[in-house]
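Student: Make a model of this:
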Amino acid sequence: MFYCDRCENYYRENTNKWCCDCGAPFSYRSTIPSFFPREKITSRSKTIWRYLEALPVESGEWMVSLGEGCTPLVPALFEEQNILFKLDFVSHSASYKDRGTALLVSKLREYGIKKVVEDSSGNAGAALAAYCANAGIVCEIFVPAYTSKGKVIQIEVYGALVRRIPGSREDTAMAVKEAARKFFYASHNWNPYFIQGIKTLAFELWEQMHWKAPDNIVVPAGQGSLVLGCYLGFQELKKAGEIKRLPRIFAVQAKNCAPLALAFQQGLDEPVTIKKRETIAEGISSAMPVRGREVLSAVRESDGMIISVEEKEILGSLKMIAKNGFYIEPTSAAATAGFSRLIRRGIVKKSDSTVVVLTGSGLKATNKIKILIEKNEKVSIDF
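Tutor: Got it, this is the predicted structure:
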């Protein structure tokens, strides 16, 4: 069932509503506890569907899959520390959002939805366009006008209609809500099925680390779906007795758009209202996180932190990780920049097992990266 944490109302799962009548986002509540039969898991295909007993599906009849999940976990030496990079940028549409989208589109197909609309800064739109194409669902994506050309082209090639919206990411969200009066709003921010798919990241780390959880996990955060997915997945593993404790979750925002980091620093339960400035980390440029309260609570319960990093730090980290052989988009470099800051402050120890999630491919942002290279003197970065 869908559940509203604010007013405690329940809704049927196949509702056409995209939020509660009170305006709050839905959560997903299952009456069946997740369980993790290791022999079955290891015998199944290497996709998110190997964790079938922990996903909100009754059968595989409506399953839509493009081979998402089971991305590499690669050891690396970074900031003179041995860490693990989770390469979710090698997913089918080149971002971690394939996980949540595969589950979301499978449920849309089950419910007979024929056309959807969505707003995105690029990666979620590309993922939704790909999976809707595979499922035979008509798709219309609203993107900010500043979205990287590579992402827009990718969405269009899948056959989706792209609506470029002038102004901010929030202006794009307002525009799509008008379209949602007529068509189903398949929002990765509002629909709880998306987070149910993202939680498979936690399951994979548990399996790849020989049925253990890492000490720390570092992720970039805009709306915070990665935070919530990791928290939910590790919570389910803990309840099932598979792990003893949650890893500390460290969420990293761009300082130019950091409503969650500011709220965390001030001890608040809701995101801070901010005046957003432009950031090269376009994937986390969200001034009003829909599930901000949940994100803050999840990070605190894990004994983690939400921090912010400067544009110069993101650029420097982009260069550093490229020298290690990883071509990622600037949004992903926010996470590696955050890790560097955590190491310098002694918050993350060298003896810890730490996973940094690399969320999106640099191939999606090559045009933007080229511009940054050409401006290297202004940002004092030696590309």
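Student: I'd like to check which residues are in contact with Thr354.
Tutor: Counting by CB atoms under 8 Å, 6 or more residues apart in numbering, Thr354 touches Gln81, Ile83, Leu84, Pro214, Asp215, Asn216, Ile217, Val218, Phe339, Val348. Every C-beta, even on glycine, is put in place using the N, C-alpha and C of the backbone.
Student: how close does Thr15 sit to Asn191?
Tutor: According to CB to CB, to the nearest Å, Thr15 and Asn191 sit 11 Å apart.
Student: out of those two, which sits in the busier spot?
Tutor: A direct count of neighbours by other CB atoms under 10 Å for Thr15 and Asn191 places Asn191 higher, at 24 against 12.
Student: Quick check: that one touching Val105?
Tutor: No: Asn191 is not in contact with Val105 according to CB atoms under 8 Å; the separation is 10.5 Å.
Student: what ranges do the strands span in the stretch 51-200 of the chain?
Tutor: Assigned by DSSP state E, counting those that start in this stretch, the stretch 51-200 of the chain shows strands spanning 73-78, 81-87, 115-119, 138-144, 161-165, 184-185.
Student: Out of the ones you listed, flag the one nearest Gly325.
Tutor: Of all the strands of the stretch 51-200 of the chain, it is strand 73-78 that lies closest to Gly325, at 8.5 Å by CB to CB.
Student: follow-up on the earlier one: now rank the contacts of Thr354 by neighbours and give me the top one.
Tutor: Neighbour tally across the contacts of Thr354 (other CB under 10 Å): the maximum, 30 neighbours, falls on Ile217.
Student: Hmm, Leu205 and that residue touching each other?
Tutor: Yes: contact between Ile217 and Leu205 holds when scored by CB under 8 Å: they sit 7.4 Å apart.
Student: okay, and the common contacts of these two?
Tutor: Joint contacts of Ile217 and Leu205 (CB under 8 Å, 6+ apart) are Val355.
Student: Might you list the low-confidence residue ranges for the stretch 51-200 of the chain?
Tutor: For the stretch 51-200 of the chain, no stretch is flagged by pLDDT under 70.
Student: Run through the helices of it in chain order.
Tutor: With helices called from DSSP state H, counting those that start in this stretch, the stretch 51-200 of the chain shows them at 98-110, 123-135, 149-157, 169-179, 192-198, 200-208.
Student: Among the contacts of Thr354, which one sits closest to Lys375?
Tutor: If you rank these by distance to Lys375 using CB to CB, Phe339 comes first, at 24.8 Å.
Student: Let's see the pLDDT reported for the closest one.
Tutor: On the pLDDT scale, Phe339 is placed at 98.
Student: just checking, next helix/strand downstream of the helix or strand encompassing it?
Tutor: Using DSSP states H and E, Phe339 falls within helix 330-344. Downstream of helix 330-344, the first helix or strand assigned by DSSP H and E is strand 354-358.
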